[in-house]
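**Q** Give me the fold of what follows.
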Amino acid sequence: MTTLSPTRLYGSRGYRRSALAVLLLASLVVSALAQATPALAQAGQGPQLLHLPMRWCVLEGTLAARRDPDAAVLERIRRGSSILAPQAGITLRSALNATLAGAKAFPVIKDPRPRLGRPGDVRVPTESGAEYTLVMQRCAQAWQRLERRAGPGADLGGVSYGPPAVIIRDFVDGRGRPVSNVWGYAFSASSNADYCAADTALIRRASGGSLMVVDSSDGSPSALLDRRLIAHEVGHILRLGHGDGLDNPGSVPGRVDKFCDDSENPDIAPGSLMSRSLSYEDVRSWQRRLPRNVLRRHPAAVEEQVFYAPPIKRERHIFLERIAHDGVRTVRRLLPPGPAALRPLPRLRSAGVRGASLFDAIRETSGDETRPRGADLRAAGLSEAVGPDDGDRGGEVIDVGPDDGGHGFDVSLWPDGLPFGSGGQHGFVVIDVDGDPGTGGSPGSVPGNPIPEWKDLLGVELLVRSVLEAGELSAQAWRWDEAALEWLELDPAPTVEVTQRLAEGDHAAEQDDATARRDSIVISVPSGVVELSERFGMAAMLRLRTAEGKVYRDSFPSDVVASGVVAMSLRSADYPLCALNRDSSRPASAMPGAAATLELSGFGSSGPVSVWLGDSTVPIARAEYQELGCTWPWVTEVTLPEASEPGLQVLQVVLDDSGLTAACAVVVGDMELPDFDAP
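**A** Okay, the predicted model is just below:
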């Protein structure tokens, strides 16, 4: 908002006419100025990036853990974004924010197998994925502790869906010897539908994903290779396989890269970012569109709202009003040009799917060889597709469900395995859709009493059940009818399916056999069944019956007889925000060597900040930030270096050398941005 300063004009009755004339003239001049500056009334739209918040950790034993884990992580984020932002419109960012119980540092986690190689080493997943899985679990648990300290129902939204990422010392073989040709490894997000179509990749839902990279604190891999490494592994998370991103002659028509077409040559020239050699940085059209489609179906992903400048306010003074005040009037003048906040910075919003998940704090199967696979429920979640004007985004629900009419939202269960043999596995999720314990019924009164353990639970409006028996997967659901005070079974029943994640080395031929990584059970609740509130409650249970008839149960809240649901929120996390030159006709644009207005908010506390451009090794500016509130911005000026490379880059602002960051786009030079979603 333009800052105005009051000035008082005083005069005796003898000077009243001259004073009134001056006031009237000033009023006319200001009015004329307001009409003469229509170009400033509404600034243009800045670049709209998709952001992927990731839950980074550092493994004990690494040089990064001993020196500065926060600096090591933030450097990797900058390097990955330096390729993905200008070529795909995707920015990596920290998932830390001020809400996470005041956390300002990335977790440093213990090595689960410190005697294999040196502390901080991990067995290469191409030999065995067991240690990779253990490390990722420890990273996820460290973030879960941060979320629990933030309190139930905290506005964290899809933070729990953010892909975990870990910096390790080295990959080693089974004897602890370093594997020199592997610097990173990743698992894709879980997904379904035919995402492989070269022309119209279809993604109905996506979640999870993970990556692991070796420590680069000693300069190896080099900065050039490391930026390609990070962007390459994030590409795997977003369902890209090895290859050149083209549908090459001699391969399966209409299929691209190794995740989709095993006959593709992953290192054929011309290479791309996804070539195994890390020799290239080019991102092909399909390699840009597919990850953006995946992100728009991933609950962790967020995007900026459109930044518009409001009309510049001008004061008009009416002649008769001045007479009524005896000629004594307050006149306001415009301050000289300078950095001035236009209005509160709009919070980041869901990129397409809002979601929240609930994790079990106890690993029942950890170290228990007698407990069968499929008896431990690791997590449960809920996600809802939204349109540009709904909730955080504010419009219509996007139909991302099956072809038979779509769905209102998805309920997911993550067991530690799916027993497609004898016995049976039942999953249950109960939802207080309005967050009001005074409405709804008890799951114990559902016909057939499928959950006798929860007979005392009240305030539930929806019960969802998955059934896996004799290799067949099905689902049921019941909704509470408040008018009739009874449970009604949904007819037809909700659809259910298993999503899959792919390891970096997986090929298309392996996706349907035993090596496919089955990840979660997803039950699609049709639209119109219940109206889901932004704040809701949830509880989940897994019941496994072995072929011998023994029953295992796992539930959270962790007590078998739940005393209530866990309060949750779909509201997107309030990440720290920044914006550059928001009041100009070309927001987020600046020329090399020119001063630019930088706005910051949302760090939660005041302190020194450093400003980094692209993957630079030194900050371009330092300043003393003042926290003015969660949305009102603090304003300063920064000058872009004369040697700044033209094009789209990312500004990363770091609070006091911590893990709290804001990330925003800057278009260096006078250029037009590409359409990242264009074919």
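
**Q** Low-confidence regions, the stretch 301-450 of the chain specifically.
**A** The stretch 301-450 of the chain contains residues with pLDDT under 70 at 305-342, 361-370, 387-407, 420-422.

**Q** quick one: the helices in it?
**A** Secondary structure of the stretch 301-450 of the chain (DSSP state H, counting those that start in this stretch): helices located at 319-324.

**Q** Just the CA coordinates for stretch 49-69, please, in PDB.
**A** This file holds the C-alpha atoms of stretch 49-69, laid out as PDB (Å, rounded to 0.1, in the frame of the first residue of the first chain):
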ATOM      1  CA  LEU A  49       5.700 -21.900 -10.100                       C
ATOM      2  CA  LEU A  50       4.800 -25.300  -8.600                       C
ATOM      3  CA  HIS A  51       6.700 -25.800  -5.300                       C
ATOM      4  CA  LEU A  52       7.600 -29.300  -3.900                       C
ATOM      5  CA  PRO A  53       8.200 -29.100  -0.100                       C
ATOM      6  CA  MET A  54      10.500 -31.900   0.900                       C
ATOM      7  CA  ARG A  55      11.300 -33.400   4.300                       C
ATOM      8  CA  TRP A  56      15.100 -33.300   4.400                       C
ATOM      9  CA  CYS A  57      17.200 -35.100   6.900                       C
ATOM     10  CA  VAL A  58      21.000 -35.600   7.400                       C
ATOM     11  CA  LEU A  59      22.500 -38.900   8.500                       C
ATOM     12  CA  GLU A  60      24.900 -39.000  11.400                       C
ATOM     13  CA  GLY A  61      28.500 -39.700  10.300                       C
ATOM     14  CA  THR A  62      28.400 -37.400   7.300                       C
ATOM     15  CA  LEU A  63      30.600 -34.300   7.000                       C
ATOM     16  CA  ALA A  64      27.400 -32.300   6.600                       C
ATOM     17  CA  ALA A  65      26.100 -33.400  10.000                       C
ATOM     18  CA  ARG A  66      29.400 -32.400  11.700                       C
ATOM     19  CA  ARG A  67      29.700 -29.000   9.900                       C
ATOM     20  CA  ASP A  68      26.300 -27.400   9.100                       C
ATOM     21  CA  PRO A  69      23.400 -29.700   8.200                       C
END
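
**Q** Please spell out which residues along that stretch are buried.
**A** Residues of stretch 49-69 classed as buried: 49-65, 68-69 (neighbour count, 16 or more other C-beta atoms under 10 Å). Where you see a C-beta, it was placed from the backbone N, CA and C, and this is true even at glycine.

**Q** now stretch 223-237
**A** Judged by neighbour count using 16+ other C-beta under 10 Å, the buried positions of stretch 223-237 are 225-237.

**Q** repeat for stretch 176-195
**A** For stretch 176-195, a neighbour-count test (16+ other C-beta under 10 Å) marks 178-179, 182-193, 195 as buried.

**Q** next one: it to chain centre, how far?
**A** Computed by C-alpha atoms, centre = their mean, to the nearest Å, the chain-centroid distance of stretch 176-195 equals 20 Å.

**Q** repeat for stretch 430-439
**A** Relative to its chain's centre, stretch 430-439 lies at 26 Å (C-alpha atoms, centre = their mean).

**Q** Any idea how far apart the tips of it sit?
**A** Stretch 430-439 has an end-to-end distance of 14 Å (C-alpha to C-alpha, to the nearest Å).

**Q** for stretch 110-129, same thing?
**A** Chord length of stretch 110-129, first to last residue, is 18 Å (C-alpha to C-alpha).

**Q** re the thing from before, can you list the buried residues of stretch 223-237 in JSON lines and add distance to D657, pLDDT and secondary structure?
**A** As requested, the buried residues of stretch 223-237 are exported to JSON lines (distance: C-beta to C-beta, whole Å; pLDDT from 0 to 100; DSSP: H, G, I helix; E, B strand; the rest coil):
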{"residue": "L225", "distance to D657": "26", "pLDDT": "95", "secondary structure": "helix"}
{"residue": "D226", "distance to D657": "20", "pLDDT": "96", "secondary structure": "helix"}
{"residue": "R227", "distance to D657": "22", "pLDDT": "96", "secondary structure": "helix"}
{"residue": "R228", "distance to D657": "26", "pLDDT": "97", "secondary structure": "helix"}
{"residue": "L229", "distance to D657": "24", "pLDDT": "97", "secondary structure": "helix"}
{"residue": "I230", "distance to D657": "21", "pLDDT": "98", "secondary structure": "helix"}
{"residue": "A231", "distance to D657": "25", "pLDDT": "98", "secondary structure": "helix"}
{"residue": "H232", "distance to D657": "28", "pLDDT": "97", "secondary structure": "helix"}
{"residue": "E233", "distance to D657": "25", "pLDDT": "98", "secondary structure": "helix"}
{"residue": "V234", "distance to D657": "24", "pLDDT": "98", "secondary structure": "helix"}
{"residue": "G235", "distance to D657": "29", "pLDDT": "97", "secondary structure": "helix"}
{"residue": "H236", "distance to D657": "30", "pLDDT": "95", "secondary structure": "helix"}
{"residue": "I237", "distance to D657": "27", "pLDDT": "96", "secondary structure": "helix"}
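
**Q** ok, so of the residues you listed, who is nearest A678?
**A** Checking the buried residues of stretch 223-237 against A678 by C-beta to C-beta gives G235 as the nearest, at 19.0 Å.

**Q** Look at the closest residue in space to the closest one that isn't next to it in sequence and give its secondary structure.
**A** Excluding the flanking residues, the one nearest G235 by C-beta to C-beta, 6 or more residues apart in numbering is M274, at 5.4 Å. Classification of M274 using DSSP: H, G, I helix; E, B strand; the rest coil returns coil.

**Q** quick one, phi/psi of M274?
**A** The phi/psi pair for M274 (degrees, to the nearest 10) reads phi -90, psi 10.

**Q** and what of N293?
**A** phi -70, psi -40.

**Q** A206 versus that one, what's the distance?
**A** Taking C-beta to C-beta, to the nearest Å as the measure, N293 falls 9 Å from A206.

**Q** circling back: biggest separation within the buried residues of stretch 176-195, which pair?
**A** Among these, the pair separated by the greatest distance (C-beta to C-beta) is P178 and A193, at 39.5 Å.

**Q** Show me the helices in this structure, by range?
**A** Listed in chain order, the helices of the chain (DSSP state H) span residues 16-36, 63-67, 69-88, 130-150, 223-237, 257-260, 285-295, 319-324.

**Q** Which one of those helices lies nearest to V429?
**A** Short answer: helix 130-150, nearest of the helices of the chain by C-beta to C-beta, at 18.3 Å.

**Q** Could you measure from the residue nearest to D244 when sequence neighbours are not counted over to G241?
**A** The shortest distance from D244 to any non-neighbouring residue, by C-beta to C-beta, 6+ apart, is to S272 (4.7 Å). Separation of S272 from G241 (C-beta to C-beta) stands at 11 Å.

**Q** show me what contacts L290?
**A** Counting by C-beta atoms under 8 Å, 6 or more residues apart in numbering, L290 touches Y195, A201, I203, L238, R239, L240.

**Q** re the thing from before, neighbours of the residue nearest to G235, how many?
**A** 26 (other C-beta atoms under 10 Å).

**Q** does it really touch R239, like I thought?
**A** No - with contacts counted by C-beta atoms under 8 Å, M274 stays clear of R239, the gap being 10.9 Å.
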